[in-house]
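Novice: coords below, sequence missing:
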């Protein structure tokens, strides 16, 4: 009986996983194409096209800023997002302030082990719900943002300016409690890389990769649990 | 500003937003049935969805306010589209600034042509990320399993390390470049989440509080900073 239900669980998850990889790839590919629809509209309908040379001139410094992160960021987030989270998050964005927190909270609320097959499915539920809510709210602000800002109190506006530090504070406590020694390693590495004043690209992935390497090393040495 | 806020542009910008919405609806539907087959109860499924939705509310309003800021630079439809899909407010503002500076424009008083150039740059700036994920996400999964060698302790420590690496780095930034507002917001949320976890979940065994740690902690941080800076 026990065996049977484990097998059923696994085949249900395997089917889900195969579907998500296929569908995730498909939707991302379509998204890349349709993301240029506004540019093409401006070009073909409104006759606004700056020319490739001008586009290159504006895009080139962006390449210099991001090319390393284009390579390292998806792999840096992978251990927390998992396979489903990766496909959802790299289409819907706002990974740091929205996707990661919502994935973590959904898994905690149900009480599944993060990174497990159960965790991936539960995380998918939390993530997709967060995307839908996010799209609705952002659309409301796009249509009536100026009016909304006119009626909400000043204090609320100040509060929302600090949404990221507030999210960070809530989550840091939970994770420091889970393994405070790893937390200390991360903070030491972050201070160190900040003092060295490395470019932004090295800094983000540098902190994550070095924390992983040191923690795994200390775990294997038996110093960390 | 006419062209950059035209009805046609709103329609053109809606395509990718629709793809994003459809992706989430379809994966959610599939996840609901998979969770059922894996033995999760209906109430557990609802808990997960509710937790994601509630936790998304605060940060989404922050992004919404960002839309208004970005609108002033590249127009309504483009701001809506850029902040509905991959990227984030910081990413878009930084890139539009970089792109516009490179072509000699001034943010806030751009010509339609300069806005169009900025939009091309913003659209291009996320394509490499998406190509990376399309081709390599399954390889990252294999790599992760290879590194952890099937040992759940190693796997767990990699996950925790990734998490505290990401948010620890942000935290250090708040304190090192001492921004008083960020420090207040962080501390208010940290202390509130701490009280909820230590007292509510660990001591009083109120498991349902798990779902509320993030939203309540976040609101506490934002209320504190609003109160202190007002």
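Specialist: On my side now, so go ahead. From a predicted model like this one, the values you see are computed outputs, not experimental measurements. Numbering: from 1, shown residues only, chains lettered A, B, ... in the order given.

Novice: pLDDT weak spots in chain B?
Specialist: Within chain B, the stretches with pLDDT under 70 are B:1.

Novice: just chain A next, same as before
Specialist: Scanning chain A with the threshold set as pLDDT under 70 gives A:1-4, A:201.

Novice: quick one, helices of it?
Specialist: A:2-34, A:37-44, A:52-92, A:100-110, A:117-151, A:154-161, A:163-178, A:180-195, A:200-220 (DSSP state H).

Novice: could those go into CSV alongside mean neighbour count and distance to residue B:214?
Specialist: For every residue, glycine as well, the C-beta is placed using N, CA and C. Converted to CSV, the helices of chain A look like this (neighbours: other Cβ atoms under 10 Å in any protein chain shown; distance: least, Cβ to Cβ, whole Å):
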stretch, mean neighbour count, distance to residue B:214
helix A:2-34, 15, 25
helix A:37-44, 19, 34
helix A:52-92, 21, 15
helix A:100-110, 27, 5
helix A:117-151, 22, 11
helix A:154-161, 18, 15
helix A:163-178, 25, 5
helix A:180-195, 19, 17
helix A:200-220, 20, 21
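
Novice: Turn the ones you listed into TSV, columns for distance to residue B:58.
Specialist: Formatted as TSV, the helices of chain A follow (distance: least, Cβ to Cβ, whole Å):
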stretch	distance to residue B:58
helix A:2-34	26
helix A:37-44	29
helix A:52-92	17
helix A:100-110	10
helix A:117-151	10
helix A:154-161	8
helix A:163-178	6
helix A:180-195	24
helix A:200-220	23
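
Novice: just so I know, which of those lies nearest residue B:27?
Specialist: Closest approach to residue B:27 among the helices of chain A is made by helix A:117-151 (5.5 Å; Cβ to Cβ).

Novice: contacting residues for residue B:88?
Specialist: By Cβ atoms under 8 Å, 6 or more residues apart in numbering or on different chains, the contact set of residue B:88 is A:93, A:94, A:95, A:96, A:97, B:63.

Novice: Against residue B:55, how distant is it?
Specialist: Per Cβ to Cβ, to the nearest Å, residue B:88 is found 16 Å from residue B:55.

Novice: And residue B:178, its phi and psi?
Specialist: phi -10, psi 90 (degrees, to the nearest 10).

Novice: Make JSON lines out of the helices of chain A and add distance to chain B.
Specialist: Shown next, in JSON lines, are the helices of chain A (distance: least, Cβ to the nearest Cβ, whole Å):
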{"stretch": "helix A:2-34", "distance to chain B": "4"}
{"stretch": "helix A:37-44", "distance to chain B": "4"}
{"stretch": "helix A:52-92", "distance to chain B": "4"}
{"stretch": "helix A:100-110", "distance to chain B": "4"}
{"stretch": "helix A:117-151", "distance to chain B": "3"}
{"stretch": "helix A:154-161", "distance to chain B": "3"}
{"stretch": "helix A:163-178", "distance to chain B": "3"}
{"stretch": "helix A:180-195", "distance to chain B": "4"}
{"stretch": "helix A:200-220", "distance to chain B": "4"}
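
Novice: Now do the same contact list for the closest residue to residue A:98 other than its chain neighbours.
Specialist: Leaving out its chain neighbours, the residue that sits closest to residue A:98 by Cβ to Cβ, 6 or more residues apart in numbering or on different chains is residue B:59, at 4.7 Å. For residue B:59, the contact set (Cβ under 8 Å, 6+ apart) comprises A:94, A:97, A:98, A:101, A:134, A:163, A:164, A:167, B:218.

Novice: change it to 6 Å
Specialist: Contacts for residue B:59 (Cβ atoms under 6 Å, 6 or more residues apart in numbering or on different chains) come out as A:97, A:98, A:163.

Novice: Take those residues and write them to CSV, including distance to residue B:36.
Specialist: Shown next, in CSV, are these (distance: Cβ to Cβ, whole Å):
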residue, distance to residue B:36
A:97, 31
A:98, 26
A:163, 34
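
Novice: quick one: which of those is nearest to residue A:208?
Specialist: residue A:97 (16.6 Å).

Novice: Determine the number of other residues adjacent to that closest one.
Specialist: For residue A:97, the neighbour count with other Cβ atoms under 10 Å in any protein chain shown is 23.

Novice: same deal with residue B:195?
Specialist: Neighbours around residue B:195, by other Cβ under 10 Å: 15.

Novice: tell me which element it falls in.
Specialist: helix B:180-195 (DSSP states H and E).

Novice: mind listing what's buried in that helix?
Specialist: Using 16 or more other Cβ atoms under 10 Å in any protein chain shown as the test for burial, helix B:180-195 gives B:181-194.

Novice: Leaving out the residues flanking it, which one is nearest to residue A:177?
Specialist: Nearest-residue entry for residue A:177: residue B:197, 6.4 Å, with adjacent residues in sequence omitted and distances by Cβ to Cβ, 6+ apart.

Novice: In three-state terms, label that neighbour for me.
Specialist: helix (DSSP: H, G, I helix; E, B strand; the rest coil).

Novice: For residue B:41, see how far away it is.
Specialist: 25 Å.

Novice: do the same with residue A:91
Specialist: Distance of residue A:91 to residue B:41, given as Cβ to Cβ: 29 Å.

Novice: Equivalent analysis for residue B:6, please.
Specialist: Counting by Cβ to Cβ, the gap between residue B:6 and residue B:41 amounts to 49 Å.

Novice: All good on my end, thank you.
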